[in-house]
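Undergrad: Return atomic coordinates for the entry below.
(one chain, ligands or ions: 1)
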Amino acid sequence: MYCNNCGSQIDDRAVVCPKCGASVQRNNLIKPVQSENTNTLAIVGFILSFIVSIAGLICSIMARKQCRETGERGMGLATAGMIISIIGIVGAFLVMFIYVIALAVML
Ligand SMILES: [Zn+2]
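TA: Modelled structure (predicted):
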């Protein structure tokens, strides 16, 4: 392949052009690039995890996938949102379970 910057022929596996030092662009290879932007879905998922657990969980899982693919920031936030959502769902089931047991004992 050829360098996009100086046009000299370079090794296919090269990441940086040995002639001019420019980083080689590979369009067919999806490589995570560190982005300054925080993934919006990660923020939404994190907030939702406190309000609607199921929606927060779905958003957080999707946000994690997007962060991996795009290299955006927010992986930690998405992971936190996912954990909080799971705790929320498990907690809700636990409360429901205790409520049913309490009802059964009283009857
Ligand atoms: Zn070059």
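Undergrad: Could you use CA atoms for every contact and neighbour count after this?
TA: Will do.
Undergrad: residues near residue 2, how many?
TA: When counting by other CA atoms under 10 Å, one arrives at 14 neighbours for residue 2.
Undergrad: how is this protein carved up into domains?
TA: Here the domain parsing of the chain from automatic domain parsing is 1-31, 40-106.
Undergrad: Is it possible to get JSON lines of the ones you listed that adds distance to the ion and mean pLDDT?
TA: Below are the domains of the chain laid out as JSON lines (distance: least, CA to the ion, whole Å; pLDDT from 0 to 100):
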{"stretch": "domain 1-31", "distance to the ion": "4", "mean pLDDT": "80"}
{"stretch": "domain 40-106", "distance to the ion": "25", "mean pLDDT": "96"}
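Undergrad: Buried deepest among those domains, which one?
TA: Sort the domains of the chain by mean neighbour count, taking mean count of other CA atoms under 10 Å, and domain 40-106 sits at the top with a mean of 19.
Undergrad: in this protein, which helix has the most residues?
TA: helix 75-106 (DSSP state H).
Undergrad: How far does that one sit from its chain's centre?
TA: Helix 75-106 sits 23 Å away from the centroid of its parent chain (CA atoms, centre = their mean, to the nearest Å).
Undergrad: Can you list the helices and strands that it packs against?
TA: helix 40-51, helix 53-70 (3 or more CA pairs under 8 Å, 6 or more residues apart in numbering; DSSP states H and E).
Undergrad: possible to save those helices as a markdown table with distance to residue 18?
TA: Formatted as a markdown table, the helices and strands packed on helix 75-106 follow (distance: least, CA to CA, whole Å):
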| stretch | distance to residue 18 |
| --- | --- |
| helix 40-51 | 38 |
| helix 53-70 | 27 |
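Undergrad: Mind checking those for the one nearest to residue 2?
TA: helix 53-70 (25.2 Å; CA to CA).
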